[in-house]
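Colleague: Below is the sequence, then the predicted model.
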Protein chains: 2
Amino acid sequence: MDKTKRTRLEAAGWRVGDASDFLELTAEEAAFVELKIALADYLRDIRVQHGWTQTYVARALGSSQSRVAKMEAADASVSVDLLVKSLLTLGASRKQVGQVIARAA
Amino acid sequence: MDKTKRTRLEAAGWRVGDASDFLELTAEEAAFVELKIALADYLRDIRVQHGWTQTYVARALGSSQSRVAKMEAADASVSVDLLVKSLLTLGASRKQVGQVIARAA
DNA sequence: CGAGGATATGTCAGATACGACATACGCGTC
DNA sequence: GACGCGTATGTCGTATCTGACATATCCTCG
């Protein structure tokens, strides 16, 4: 497995199986996490392209800077729900969100 | 607004503003609900096409028949998270999920 | 080297979503 | 009508997610 991707997945809190120091995900779990990461990256792209800070986005979403940071990191504590809602609130269209999800890893 | 769609939205628990008997959603809220309904419909399509019962699907997902019913109804108590995870578990690809979301209403 | 702004990480109380169960509804078949 | 099967709806205890706060890390500019 790609090293940075593995780190990314671990950072997202998806270390599975305490006994093993390896990352074991079923195909669906992996697909789900990758999907989440794609949305997270898209959120960051939108923010950076507009030159916004996490604090600014947080205010726009009625949330906090720390949560925005976790969203962008695809932290295990953030749901796809929150990511999608946030993207829509920031102006992304349903179509764009779908395309981001559909795009192959 | 289309009548069946309105009923659908109300059924989904999105009646907003207790004082008004009308459905008032911001553009993002509307997009979010429609997105959810699209996933819900897709879930039902997959189930029906395979000739599965809700009970069977529930067992496959490690859930209950009532929750599957609520998923298909795009009930307010089900998250996009759950819908996406369920679709992936039932064999849908990330790409298919994205296409369903991207498809215009 | 600070200082200050931006981002990351850890934690927590309150909010929400979860599976499960009970029960109601619809619709065939007898 | 009464049963059986599938689906819908309501509720509940628990698990997970959320915004908020504190604090740490990372840059860049002076």
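Modeller: Alright, I've got the coordinates.
Colleague: right, and the helix or strand after the least confident helix or strand in chain A by mean pLDDT?
Modeller: Ranking every helix and strand in chain A by mean pLDDT, DSSP states H and E puts helix A:3-11 at the bottom, with a mean of 54. Remark: after helix A:3-11, the chain's next helix or strand is helix A:27-50, criterion DSSP states H and E.
Colleague: any idea how far A:Gln54 lies from chain B?
Modeller: 20 Å (CB to the nearest CB, to the nearest Å). For every residue, glycine as well, the C-beta is placed using N, CA and C.
Colleague: Could you say which helix or strand holds the residue in chain A positioned nearest to DNA strand C?
Modeller: Nearest to DNA strand C in chain A, going by CB to the nearest atom of the strand, is A:Ser66, at a distance of 2.9 Å. Using DSSP H and E, the element containing A:Ser66 is helix A:65-72.
Colleague: Buried residues in that helix, which are they?
Modeller: A:Arg67, A:Val68, A:Lys70, A:Met71, A:Glu72 (16 or more other CB atoms under 10 Å in any protein chain shown).
Colleague: didn't the second one look like it was pressed against A:Val57?
Modeller: Put plainly, it is A:Val68. Yes - A:Val68 sits in contact with A:Val57 when judged by CB atoms under 8 Å, with a separation of 5.2 Å.
Colleague: can you list residues touching both of the two?
Modeller: A:Arg47 (CB atoms under 8 Å, 6 or more residues apart in numbering or on different chains).
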